[in-house]
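Participant: Generate a structure from the sequence data that follows.
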Amino acid sequence: MSRSMKNAAMFAGASLVWLPTLAMAQAVGPQPDPEVATGLEEVIVTAQRREERLQDVPVAVTAFSARELDRRQITDVRSLTENAPSITFTATPYGNNDLILAIRGVAPGGVLPNVDQAVGTYVDGLYYARPEGSNFAMVDVASAEVLRGPQGTLFGRNTIGGALNITTNKPSYDFGGSVKVGYGNYNAITATGIVNLPLVDDKLAARFVYSHVEHEGYGYNPTLRSDVADQNDDFLRASVRADISPDLRVDLSFDHYSGSNHQPLWVLNSYQAGLSAAVYAPYVAPAETRVSQAGYNPVNDSEVYDFTGTITAQLGSATLKSISAYRNVNFEGASDLDGTPIPTADVRVFELDGHQVSQELQLTGTAFADRLNWTTGAYYFREQIRNSPITRVPTAIQDNTIRPDNESMSVFAQLSYELLPRLRLTGGVRAVKDTRGMTYTPARFAVAGAALVAEPAATAITPAACPFTAIGLNEAPGSCLYTPADIEFNTVPFTVGLDYRLPGDGLLFAKFSKGFRSGGFQQASGTTAAFYRPFDEESVASYEAGAKLTFFENRLRMGLSGYFSTFEDIQQNAILSASPVIIAVLNSGTAEIYGGEFEATALLGDLRLNASLGLIHPEFTEGPYKGSEIPTVAKTTYSFSADYPIELSAGRLDLHADYNYRSEVFFLNTVSITGTGPVPLTDFQRRSISQEGYGLLNAQLSFTFANAPITLAAYGKNLTDEYFAARSGSFAAANFNSIVVGSPRTYGVSLHYAF
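Facilitator: Numbering: from 1, shown residues only. This next block holds a predicted model:
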């Protein structure tokens, strides 16, 4: 028996020990009285593409209602991830416009469009293929769900780590709305306006949302006399709902996000005297500094348009849903990655523009007196992108423009059948065909003279040879062009599981899932033909068991899950050279990951308590990274929150506090790939690419008037002013490194008026 099978067997055995014990406690404990509306409110999720109670869904999912999102000050995807177990957020080099997510140790290698995400983000069924703009999808949201583990059967597109499933508020047939304004330190200004308009009674309604967020920089560059890590974002959504007949509904939505922010706060925080070049010594940042020494401070501009049209038709006992979507992304920015005036590996320009179209059909229904629930459908996706990263090292400028053309088609089905009273069998499968196309049009330039000058004179920059000419790939003599043949990936994600509904209100479940993430083409930074060899798909096979339990007349709700996953042909970004920059995606062996999660919500009188815990043990077991830490993984995550309402004659005072902890995270692999083979990083180099464990304390106090629809609130985030790295640079092998500094303590007040 293989090690993987032994671990899976041990995991299953352990599950059989503790799950029956919990089941017995559930069965004999006091059961809720259906006639008494006390206890915790019901949570409705769409984790299986249909509305169901959270306690009835055999999926490890953390769900937040609109009220809970407000309590915890969850206003963007980043703050959502801080409140769920086993999920890690990593900043990108370009600010809050996009993000990198990892769930249960499964993460993407980067944000370039030649690599797909490992955690799918869905907003009203629209898949965000590129992360640009996705951090601002949390405006006027009805619910948000974090699904853990492979979700490829029902969600499809690259969800081997998990999925974020966000549902926005839809137009209703009552006039109403709200205005919320706030002010905080760093001259933070927030404003959100919502209006809901019934146009035709019970037939046609519209909803409009506008939000603005701005603040001054969390850092400052004294040389350039400009803010760093500031924010200036606008978001607009307009949606229409038409109930054409009792059995036919049409929902249309358009949203537009625009952001204009200076680069993140990059500082040179790691420097090893004697081993690093002495020219960097004057720019080493003092401890916990928010002062930037970067040679330039670019503005990153984002503009994103989304269109979604959803048709829902009742066909007897079945429901047909059609989701048509279009997304356009335009990003232009840059980043001084080393935080010094020295052009070590500066991204002088980073442009990404393109669009995606998708069409999904879902058919869901029940049969055999509701003993059978079924979902089937088909999906089409096409994405065309241009990405132009232009980097500068002291003596060269590289334009690594690529034009990916990605297409995906799939059909899927999932059935859940009640074999015996309370015992269900679930099986699902998806057949996927992904086609990848690529056009390379890179350019190279030499920089003469004062190589360390941040801004060389135009006369010092001269064209250099096309990198494809010397390796026999150039298809356009006198220019630079390479268009390899399209590649295809045919995969079949699937899931199979059993669940048992306990007497009262509880569920036990066990399942096996396998998911895939497609391969693709390399970046345009290579110097030999071998660097342009496409990388293959990767896969995750996951065994999982869990329980969802309710006690004490629905005043205590618990969720537990444990899993063992085998992660194969892992796509890892390998930094093969920093000067010139050469990055390749490698299928780098196998990892085994096991862990578990615990979540609980309790009511003690009027006091509401929430707690969560995530434990992950990841390990490379084969391949060149064996012995390396797996990047973008916090092995321990936990959170606590408390809410307490106080009823007064003038109104209600609501008190909230929460604390979220992430253990040490390595942002990059702790083994370097060199021409002579893998080389472990030194202790100094390891520390330079990691962030020690830290926690963030947040609180909010709000007062809602009894005789007026007004709420006043005072809030604070990161109240202990923790100083932490949200990302690392990639210069560890040169014995110095840089970090993006995370957000400092922020606080302020807000006023909310509903009408």
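Participant: By mean pLDDT, flag the weakest helix or strand of the chain.
Facilitator: Lowest on mean pLDDT, DSSP states H and E among the helices and strands of the chain sits helix 3-28, with a mean of 44.
Participant: following that helix, which helix or strand shows up next?
Facilitator: Proceeding N to C from helix 3-28, the next assigned helix or strand is strand 44-45, under DSSP states H and E.
Participant: Need the contact partners of that next one.
Facilitator: Applying C-beta atoms under 8 Å, 6 or more residues apart in numbering, the external contacts of strand 44-45 come out as Glu51, Glu52, Arg53, Leu54, Val57, Val61, Ala63, Ser143, Glu145, Asn165. Every C-beta, even on glycine, is put in place using the N, C-alpha and C of the backbone.
Participant: Give me the buried entries from these.
Facilitator: Among the contacts of strand 44-45, those scoring as buried are Glu52, Leu54, Val57, Val61, Ala63, Ser143, Glu145, Asn165 (criterion: 16 or more other C-beta atoms under 10 Å).
Participant: Could you dump the residues you listed into CSV and include distance to Arg501?
Facilitator: What follows is the buried ones among the contacts of strand 44-45, written out as CSV (distance: C-beta to C-beta, whole Å):
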residue, distance to Arg501
Glu52, 12
Leu54, 14
Val57, 11
Val61, 17
Ala63, 19
Ser143, 23
Glu145, 21
Asn165, 23
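Participant: can you tell me which of these are in strands?
Facilitator: Judged by DSSP state E, strands contain the following of the buried ones among the contacts of strand 44-45: Glu52, Val61, Ala63, Ser143, Glu145, Asn165.
Participant: any idea of the pLDDT on the second one?
Facilitator: Among the per-residue scores, Val61 holds a pLDDT of 94.
Participant: how far away is Ser542 from Phe512?
Facilitator: According to C-beta to C-beta, to the nearest Å, Ser542 and Phe512 sit 7 Å apart.
Participant: make that Arg422, sorry
Facilitator: In terms of C-beta to C-beta, Arg422 sits 21 Å off from Phe512.
Participant: what does Val181 give?
Facilitator: 50 Å.
Participant: shaky segments in the stretch 1-150 of the chain?
Facilitator: Low-confidence segments of the stretch 1-150 of the chain, defined by pLDDT under 70: 1-38, 96-98, 109-110, 136-137.
Participant: switch to 80 and redo it
Facilitator: Residues of the stretch 1-150 of the chain that meet the criterion pLDDT under 80 lie in 1-38, 91-92, 95-99, 108-112, 131-137.
Participant: wait, which of the contacts of strand 44-45 is closest to Phe564?
Facilitator: Distance ranking of the contacts of strand 44-45 against Phe564, using C-beta to C-beta, places Val61 first at 19.0 Å.
Participant: Skipping its backbone neighbours, what lies nearest Gly428 in space?
Facilitator: In space, and not counting its chain neighbours, Gly428 is closest to Gln414: 3.2 Å by C-beta to C-beta, 6 or more residues apart in numbering.
Participant: what's across from the one you found in the sheet?
Facilitator: Per DSSP bridges, the residues bridged to Gln414 are Thr375, Gly428.
Participant: one step back: higher neighbour count, Ser542 and Phe512?
Facilitator: Neighbour count, other C-beta atoms under 10 Å: between Ser542 and Phe512, Ser542 has more, with 24 against 14.
Participant: if I look at Asp658, how far off is Lys717?
Facilitator: Separation of Asp658 from Lys717 (C-beta to C-beta): 10 Å.
Participant: what's around Tyr623, how many residues?
Facilitator: For residue 623 the amino acid is Gly, not Tyr. Neighbours of Gly623 under the rule other C-beta under 10 Å: 18.
Participant: thinking it is in contact with Thr590, fair?
Facilitator: Yes. Look at Gly623 against Thr590 with C-beta atoms under 8 Å: they come within range, at 6.3 Å.
Participant: Tell me the secondary structure at Asn373.
Facilitator: Following DSSP: H, G, I helix; E, B strand; the rest coil, the label given to Asn373 is strand.
Participant: Just give me the neighbour total for it.
Facilitator: Neighbours of Asn373 (other C-beta under 10 Å): 20.
Participant: Please apply the same query to Leu204.
Facilitator: Other residues close to Leu204 by other C-beta under 10 Å number 17.
Participant: Please report the confidence value the model assigns to it.
Facilitator: pLDDT for Leu204: 98.
Participant: which residue sits closest to it in space, ignoring its chain neighbours?
Facilitator: Leu204 sits nearest to Ala242 (C-beta to C-beta, 6+ apart), 5.2 Å away.
Participant: Run me through the strand neighbours of the helix or strand where that neighbour lies, direction for each.
Facilitator: Assessed by DSSP H and E, Ala242 sits inside strand 231-245. Partners of strand 231-245 in the sheet, by DSSP bridges, are strand 204-215 (antiparallel), strand 248-262 (antiparallel).
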